[in-house]
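Asks: Okay, sequence plus prediction incoming.
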Amino acid sequence: MTLQFRISLLLLSLIAGAWWWLGSDESVVAPGDGIRAIRVKGVTLEAPPRPTPDSPLMKITEVNANWIAIIPFGFTRQESAQVQFNSDRQWWGERTAGVRETIIHAHNRQLKVMLKPQLWIRGSWTGDLSFEQEGQWETWEQSYTDFILTFARLADSLQVDLFCLGTEFRNAIAARPAFWFNLIHQVRQIYHGSLTYAANWDDFDQVPFWDSLDYVGINAYFPLLRDENPTVEALIKAWKPYRKKIHNWSARMKKPVLFTEYGYLSVDGCAFNTWELEDRLPDCRTNELAQANAYEALFTVWSQEPYWQGGFLWKWYPQINRHHRHLDKDYTPQGKIAQNVITRWFQP
């Protein structure tokens, strides 16, 4: 092999490894030795407002995803202690008919599905849900049980691969643990697939019922660095204490870990307290590189952990409409530098 030929091969290799990073003076090494394949390469699909053809799922498979999370929302008003769901006023993709059709489309595309019924409390966080009177708790718990069991039956009838029975219920779990154990038992009688729960990043070690589930689920919005433009290397270092904590917890629970949600806004400082950035998103500066670096660091760190099964990035829009504002700053990686990072890490 001549020297000139060797140099040509080297140049081709460098170009192939960094083609997506044009315009950046940072290079990122593609997954290689010591990096394991990501098992659950999932995206969270926003519920389509209207009936939709299969085409949005085709776009998802183009980024090499192999799972989607489907989220039918239920709605609670603190004062009413009721969960409203499957209403004609909701988007098509949040109602049982739309959820059913979306699952069928996904399975036809060889995409596995996590069904994740989720509660929305207007003006409040789910983790703060609480009631003063026993009767209010009992009313809400019965209503929430109806919500979850409705979709558990649907999940079982369509052989959904994973069911998530709650998201970020910090206060409700601390105050009423017996309800959650009983709910898990009821779901197990109906649904025969794998179960998880989506804990907030800062209280996953306070959830008492992991032994009753198949996966430890974490909504992984861990605050890493305040920097407006954090480098991949700095972000990898910032993951270290969380990596150690989750490693120890997984070993103690003897359970695999899923990131039931993870993601980054495409703005300055996106790797720190993302919930605060959401509140002032119009004033934030767009920064696709910061978002891409955050994804690169996450995959680099967690793909090396054998107990980490992957997860579901937040999020993917099947139908862009007037409802979607500030898409250039939103969590979605669609059409941004981060989409190339995800496609590369999700490759078979």
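Replies: Thanks, I have the structure now.

Asks: can you map out the strands along the stretch 1-150 of the chain?
Replies: 40-45, 67-70, 73-76, 83-84, 112-115, 118-121 (DSSP state E, counting those that start in this stretch).

Asks: Which one of these lies nearest to Leu158?
Replies: Closest to Leu158 of those is strand 112-115 (C-beta to C-beta; 8.1 Å). All C-beta spots, glycine's among them, are computed from the backbone N, C-alpha and C.

Asks: and the closest one, what does it pack onto?
Replies: strand 67-70, helix 96-108, helix 134-157, strand 162-167 (3 or more C-beta pairs under 8 Å, 6 or more residues apart in numbering; DSSP states H and E).

Asks: that older thread, could I get the strands of the stretch 1-150 of the chain as TSV with mean neighbour count, distance to Pro333 and mean pLDDT?
Replies: Below are the strands of the stretch 1-150 of the chain laid out as TSV (neighbours: other C-beta atoms under 10 Å; distance: least, C-beta to C-beta, whole Å; pLDDT from 0 to 100):
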stretch	mean neighbour count	distance to Pro333	mean pLDDT
strand 40-45	25	9	97
strand 67-70	24	14	98
strand 73-76	20	22	94
strand 83-84	20	31	94
strand 112-115	24	19	98
strand 118-121	17	21	94
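
Asks: nearest to Trp316, of the ones you listed?
Replies: strand 40-45 (4.4 Å).

Asks: With just CA atoms, put the closest one into CSV.
Replies: Extracted in CSV, the C-alpha atoms of strand 40-45 (Å, rounded to 0.1, in the frame of the first residue of the first chain):
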residue,chain,number,x,y,z
VAL,A,40,-34.2,1.3,23.6
LYS,A,41,-33.6,4.0,21.0
GLY,A,42,-36.9,5.8,21.6
VAL,A,43,-38.6,9.1,20.8
THR,A,44,-41.6,10.5,22.5
LEU,A,45,-44.3,11.2,19.9
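
Asks: Distance to Arg226 for the helices and strands packed on strand 112-115 - can I get that in CSV?
Replies: Formatted as CSV, these follow (distance: least, C-beta to C-beta, whole Å):
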stretch, distance to Arg226
strand 67-70, 29
helix 96-108, 38
helix 134-157, 37
strand 162-167, 27
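
Asks: Ok, which of those comes nearest Trp345?
Replies: Once the helices and strands packed on strand 112-115 are compared by C-beta to C-beta, strand 67-70 is nearest, at 14.0 Å.

Asks: Report the residue spans of this protein with pLDDT below the cut-off.
Replies: Scanning the chain for pLDDT under 70 picks out 1-36, 321-324.

Asks: Can you spell out which helices and strands pack onto the longest strand along it?
Replies: The strand spanning the most residues in the chain, taking DSSP state E as the definition, is strand 308-316. Judged by 3+ C-beta pairs under 8 Å, 6+ apart, strand 308-316 is in contact with strand 40-45, strand 67-70, strand 257-262.

Asks: quick one: it to strand 162-167, angle?
Replies: If you take axes from the mean of the first three to the mean of the last three C-alpha atoms, to 10 degrees, strand 308-316 sits at 70 degrees to strand 162-167.

Asks: Centre of the chain to strand 308-316, how far?
Replies: 4 Å (C-alpha atoms, centre = their mean, to the nearest Å).

Asks: now stretch 120-127
Replies: With C-alpha atoms, centre = their mean, you get 18 Å for stretch 120-127.

Asks: Can I take it that Ile218 is in a strand?
Replies: Yes. Assigned with DSSP: H, G, I helix; E, B strand; the rest coil, Ile218 falls within a strand.

Asks: and the angle from the longest strand of the chain to strand 257-262?
Replies: Using the same axes, to 10 degrees, strand 308-316 lies at 10 degrees relative to strand 257-262.

Asks: quick one on the thing from earlier: let's have the strands of the stretch 1-150 of the chain in CSV, adding distance to Leu281.
Replies: Formatted as CSV, the strands of the stretch 1-150 of the chain follow (distance: least, C-beta to C-beta, whole Å):
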stretch, distance to Leu281
strand 40-45, 18
strand 67-70, 22
strand 73-76, 21
strand 83-84, 27
strand 112-115, 27
strand 118-121, 18
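
Asks: Nearest to Tyr307, out of those strands?
Replies: Of all those, strand 40-45 comes closest under C-beta to C-beta, at 12.6 Å.

Asks: and that closest one, what other elements does it pack with?
Replies: helix 55-62, strand 67-70, strand 308-316.

Asks: Give me the helices and strands touching the second one, please.
Replies: Okay, so that is strand 67-70. strand 40-45, helix 96-108, strand 112-115, strand 308-316.

Asks: Turn the helices and strands packed on strand 40-45 into a markdown table, including distance to Glu278.
Replies: A markdown table is the format used below for the helices and strands packed on strand 40-45 (distance: least, C-beta to C-beta, whole Å):
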| stretch | distance to Glu278 |
| --- | --- |
| helix 55-62 | 24 |
| strand 67-70 | 19 |
| strand 308-316 | 11 |
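
Asks: closest to Gly269 out of the ones you listed?
Replies: strand 308-316 (17.4 Å).

Asks: Sheet-wise, list the partners of that closest one with their directions.
Replies: strand 40-45 (parallel), strand 257-262 (parallel) (DSSP bridges).

Asks: okay, those in CSV with distance to Lys59 next?
Replies: What follows is the strands paired with strand 308-316, written out as CSV (distance: least, C-beta to C-beta, whole Å):
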stretch, distance to Lys59
strand 40-45, 10
strand 257-262, 20
